[in-house]
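A.B. asks: the following comprises the amino acid sequence and a computationally predicted model.
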Amino acid sequence: MSEPISPEPAREWKPEYPPAYVSNGVIGLRICPIPPLGGVATVNGFVKMDEETGLEAYGRAPYPLAGDLRINRTVLTQCPDRIVFREQRIDFASGELHTRFDFDGDGARAELSLVTFCSRNRPSVAVQKASIRVDRDCDLEITAGVDRDGVSGRWAEPPMCLTGAAGPLDCLLHWKSSGDMGSLGIAYGTELLGTDRVYRRFNSTADGATSTSYVFRAEAGHAYCLQHYASLVPDVWHSRPQHQAARLLTAAFSRGCEALRADNHAAWADLWQSRVQLVGAPERWQRLADAAFFYLHCSVHRSVPASTHMFGLSFWPDYHYYRGHVMWDIEAFCVPPLILTDPDAARALLQYRSSRLSGAAANAEARGYSGAQFPWESSPRHGHESAPVETSHSFTEEHVSMDVALAFARYVHATGDQLFAGDHAWPVMSSVCRWLDSRVERTPRGCEMRGVNGIAETKSTVDNSAFVNIAAVRTLRETSALGRALGKLVAENWDKMAAAIVLPIDPDTKIIRNHDTHDPKEDKGETPEGAAALFPLDFEVDPETERRTLEYHLGSADRYVGAPMLSALLGVYAARLGDRERAAELFEKGYAQFVIEPFAMTTEFSPVIFPDKPRPVPFTANLGGFLSSLLYGLTGLRLHSGDPAAWCKRPITMPKDWEGIRVDRIWVRGSNASLTAMHGDSRARIEEW
């Protein structure tokens with residue numbers, strides 16, 4: 001298999017470009033085009049009190065790979081006009097960011113080349129390697145450390161400087177977030193290669209910046225290298241996180257920078273064995289698929305303590321909405337591809353939900369229900385509802401619980417992990433069914449869900465949303481089947497309730513409408529919720545109902561496309577109607593136009609259709625939706641408890657100019673298999689590798 005296609009290097013930086021994103025799912029870094037001029041860091045599981053709402057939110061961390069350079073009397077960070085940007089590129093194959101720039105100092109010019117990565121093998125560790133060469137002899141000072149500029153919070157204890165002690169550690173730091181909601185341990189160490197004649201100094205400023213400087217006489221043409229290691233540990237991992245960070249950093253430092261790079265590259269190479277290959281498609285589409293794969297996988301890890309955010313571990317100060325809360329989009333769009341490509345990471349995301357089941361139970365109790373109702377915006381630490389108090393969707397968008405339950409069902413089907421099924425899936429899924437039993441309204445029509453919001457988030461509510469009610473039917477059926485397979489006591493009325501739930505299917509036209517009184521011209525009426533019941537919910541209907549439903553909702557697609565989440569699925573709906581040209585058009589408008597330069601990151605809204613919307617990146621629901629369309633939608637793959645060879649039953653229609661989809665390795669019941677779907681075939685094939 002060929003390597004993934006990385007974006008072309010950025011050789012000219014434009015003001016509208018979003019800074020690069022480097023992450024391993026535990027540490028997330030946004031890095032300026034000139035890295036010493038700044039960056040932003042977040043750590044999975046590290047929380048703060050949001051200053052605007054008073055709610056638990058992700059906490060911005062002090063930047064762990066800060067640096068500076070002085071040539072004679074000229075300091076780089078004080079003279080940005082003397083910097084010449086040369087190139088920045090992200091390598092999808094290794095997860096590394098490479099940056100080159102020049103600095104015209106006092107009497108000499110320096111060429112700098114930086115490599116930055118977050119280790120997948122050692123998830124608390126980030127590394128930056130800076131190579132420096134000057135064109136004239138000069139006094140050179142290279143600095144590396146931790147910067148808290150712009151970060152709300154405080155040092156819980158004075159920095160513990162270890163630069164004079166034997167060993168790799170320079171400093172231990174203990175950071176408290178605003179509101180004292182969370183704490184973070186930071187340890188960093190540095191190593192200068194290229195000269196032994198050097199003065200090493202520890203720096204600590206009044207504003208809390210902490211760094212180590214190396215001062216020496218540099219020779220023209222000679223290469224020097226500063227290796228900067230940092231470990232960040234949230235307090236959910238350890239009660240004294242700075243000491244745990246020190247231990248983890250010592251182990252990483254002893255491994256060495258180049259060995260860490262090789263280990264990290266090998267970990268990414270293993271992930272890329274599950275690369276989604278678009279057979280015969282133009283290279284541009286393969287680039288888009290590779291970018292989606294990369295940004296999803298760099299935002300998750302088997303070690304994550306708090307799932308992942310709507311933008312992964314990415315944050316930049318010009319946007320902050322969603323505040324790092326975990327939302328239904330993760331289970332609905334991100335978990336399904338991960339189940340096939342990185343089931344350990346999928347398991348970690350689901351374990352976040354099972355470990356916060358008590359928070360979902362408390363949420364249900366507070367509203368007068370039984371069982372568990374998962375929050376619309378779940379806080380990272382406690383799993384409590386953390387939507388701003390003025391946001392009505394927190395108590396009307398009730399499909400969240402079913403999205404979570406169905407993600408557990410999919411994971412069990414794909415992995416066959418019966419221990420996980422009993423310990424994690426059953427408690428979550430059965431609790432959601434108990435909530436449904438208390439939530440539905442029993443009327444002469446059957447079991448109704450009134451006063452809800454579906455995916456179309458409007459100020460008013462609807463009755464019997466197609467997405468909500470069909471998700472409820474699927475959850476009740478999946479849970480009953482799982483309970484029987486595990487030998488659990490299954491409530492007798494769950495199957496009866498599934499059969500009695502009112503579905504907004506027009507008896508005359510056989511169309512699944514969005515809700516009881518749906519009109520495509522109503523506010524957000526173009527949202528294809530009825531089509532989403534078919535995919536990704538996998539609700540099975542007769543062929544005529546499927547065809548008429550897809551035709552009906554595609555009639556509004558041009559008004560909907562460009563909005564988040566379901567836009568990435570529209571091409572699947574057209575392909576299932578056999579319209580290859582329309583499928584290609586909708587994938588273009590529904591996904592490709594969301595991807596922005598220079599590093600192929602996906603925005604929330606299409607900047608082509610919504611040019612005035614902010615452009616936070618990468619929006620995981622969109623790239624997860626695109627990958628789900630490739631792995632499930634176009635292949636017809638539908639997970640169930642039966643033989644995996646029978647997971648694919650649909651005839652294959654590809655978008656125009658695509659011949660097929662192939663994945664050399666998907667994970668099936670703990671073993672490796674391949675997935676192949678070629679246009680015109682009666683069905684896709686899952687074969688042992």
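C.D. replies: Here it is on my side, so go on.

A.B. asks: C-alpha only now, for contacts and for neighbours.
C.D. replies: Will do.

A.B. asks: quick one: furthest residue from the center of the chain?
C.D. replies: D137 (46.4 Å; CA atoms, centre = their mean).

A.B. asks: please report how far it lies from G221.
C.D. replies: 9 Å (CA to CA, to the nearest Å).

A.B. asks: one more: L637?
C.D. replies: Taking CA to CA, one finds L637 at 58 Å from G221.

A.B. asks: spatially central, which residue of the protein would that be?
C.D. replies: G312 (3.5 Å).

A.B. asks: what pairs with it across the strands?
C.D. replies: Residues in a beta bridge with G312, per DSSP bridges, are H309.

A.B. asks: show me what contacts it?
C.D. replies: Counting by CA atoms under 8 Å, 6 or more residues apart in numbering, G312 touches 25, 28, 296, 299-300, 618-620.

A.B. asks: report pLDDT for the nearest residue to G179 once chain neighbours are set aside.
C.D. replies: Setting aside the residues directly before and after it, G179 is nearest to M49 in space (CA to CA, 6 or more residues apart in numbering), at 5.1 Å. As predicted, M49 sits at a pLDDT of 95.

A.B. asks: M49 touches R60, doesn't it?
C.D. replies: No - counting by CA atoms under 8 Å, M49 sits too far from R60 to count as a contact (10.8 Å).

A.B. asks: neighbour count: these two, which is higher?
C.D. replies: R60 (24 against 20; other CA atoms under 10 Å).

A.B. asks: do you have the helices of the stretch 551-689 of the chain handy? List them.
C.D. replies: 557-560, 570-576, 580-590, 620-628 (DSSP state H, counting those that start in this stretch).

A.B. asks: where does the stretch 151-300 of the chain have low pLDDT?
C.D. replies: 166 (pLDDT under 70).

A.B. asks: and A206, how many neighbours?
C.D. replies: Neighbours of A206 (other CA under 10 Å): 6.

A.B. asks: and it, which of the three is it?
C.D. replies: coil (DSSP: H, G, I helix; E, B strand; the rest coil).

A.B. asks: circling back: let's have the helices of the stretch 551-689 of the chain in CSV, adding distance to S392.
C.D. replies: As requested, these are exported to CSV (distance: least, CA to CA, whole Å):
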stretch, distance to S392
helix 557-560, 23
helix 570-576, 28
helix 580-590, 28
helix 620-628, 21
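
A.B. asks: re the thing from before, L637 and G221: who's more crowded?
C.D. replies: L637 (24 against 14).

A.B. asks: do you know how far that one is from L675?
C.D. replies: Counting by CA to CA, the gap from L637 to L675 is 9 Å.

A.B. asks: anything in contact with each of the two?
C.D. replies: With CA under 8 Å, 6+ apart, L637 and L675 have common neighbours A684.

A.B. asks: next one: the longest helix that the chain contains to chain centre, how far?
C.D. replies: With DSSP state H setting the assignment, residue counts place helix 466-486 as the longest helix in the chain. Relative to its chain's centre, helix 466-486 lies at 26 Å (CA atoms, centre = their mean, to the nearest Å).

A.B. asks: next one: stretch 574-584
C.D. replies: How far stretch 574-584 lies from its chain's middle: 28 Å, per CA atoms, centre = their mean.

A.B. asks: same check, this time on stretch 100-120
C.D. replies: With CA atoms, centre = their mean as the basis, the mean position of stretch 100-120 lies at 29 Å from the chain mean.

A.B. asks: what's the answer for stretch 194-214, then?
C.D. replies: 35 Å.

A.B. asks: who touches that stretch?
C.D. replies: Contacts for stretch 194-214 (CA under 8 Å, 6+ apart): 67, 141-149, 155, 159, 161, 163, 170, 190, 192, 215-217, 222-225.

A.B. asks: sort out which of those are buried, if you could.
C.D. replies: 67, 141-148, 159, 161, 163, 170, 190, 192, 215-217, 223-225 (16 or more other CA atoms under 10 Å).

A.B. asks: so which of these are in strands?
C.D. replies: Mapping the buried ones among the contacts of stretch 194-214 onto strands (DSSP state E) picks out 67, 141-147, 161, 190, 192, 215-217, 223-225.

A.B. asks: beta partners for the nearest residue to E191 once chain neighbours are set aside?
C.D. replies: Nearest residue to E191, sequence neighbours excluded (CA to CA, 6+ apart): Q227, at 5.2 Å. Beta-bridge partners of Q227, counted by DSSP bridges, are K129, E191.

A.B. asks: hmm, Q227 is touching Q128, no?
C.D. replies: Yes - counting by CA under 8 Å, Q128 is a contact partner of Q227 at 6.1 Å.

A.B. asks: those two: who's more crowded?
C.D. replies: Neighbour comparison, Q227 and Q128: the larger count goes to Q128, with 26 against 20 (by other CA under 10 Å).

A.B. asks: show the pLDDT at the closest residue to V279 other than its chain neighbours.
C.D. replies: Closest residue to V279 apart from its sequence neighbours, by CA to CA, 6+ apart: G660 at 4.9 Å. The score at G660 is 98. That number is its pLDDT.

A.B. asks: one more: the one 4 residues further on?
C.D. replies: At D664, the pLDDT value in this model is 97.

A.B. asks: hang on, the earlier thing: closest to Q418 out of the helices of the stretch 551-689 of the chain?
C.D. replies: The closest of the helices of the stretch 551-689 of the chain to Q418 is helix 620-628. By CA to CA, the value is 24.5 Å.

A.B. asks: need the contact partners of that closest one.
C.D. replies: By CA under 8 Å, 6+ apart, helix 620-628 touches 289, 292-293, 295-296, 309-312, 329-330, 333-334, 336-337, 564-569, 591, 602-604.

A.B. asks: same question for stretch 409-425.
C.D. replies: Here stretch 409-425 has contacts from 336, 339-340, 343, 346-347, 351, 354, 405, 408, 478-479, 482, 486, 639-641, 667-670, using CA under 8 Å, 6+ apart.

A.B. asks: just the buried ones from these?
C.D. replies: 336, 339-340, 343, 346-347, 351, 354, 405, 408, 478-479, 482, 639-641, 667-669.

A.B. asks: shaky segments in the chain?
C.D. replies: 1, 166, 320, 689.

A.B. asks: kindly recompute the last result at 90.
C.D. replies: 1-2, 51-52, 159, 161-168, 204-209, 317-321, 388-395, 457, 459, 688-689 (pLDDT under 90).

A.B. asks: for A41, give its distance to W13.
C.D. replies: A41 is 21 Å from W13, by CA to CA.

A.B. asks: between those two, who's got more neighbours?
C.D. replies: Taking neighbours as other CA under 10 Å, A41 and W13 compare with A41 leading, 24 against 16.

A.B. asks: tell me the contacts of the residue nearest to the more buried one when sequence neighbours are not counted?
C.D. replies: Nearest non-adjacent residue to A41, counting by CA to CA, 6+ apart: L29, 4.6 Å away. Shown in contact with L29 (CA under 8 Å, 6+ apart): 21-23, 39-42, 313-314.

A.B. asks: got the buried residues for the strand or helix carrying T250?
C.D. replies: If you go by DSSP states H and E, T250 is part of helix 241-255. Under the neighbour-count criterion of 16+ other CA under 10 Å, helix 241-255 has 241-246, 248-250, 252-253 buried.

A.B. asks: make TSV out of those and add distance to V541.
C.D. replies: Shown next, in TSV, are those (distance: CA to CA, whole Å):
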residue	distance to V541
P241	53
Q242	56
H243	57
Q244	54
A245	53
A246	57
L248	53
L249	55
T250	58
A252	54
F253	58
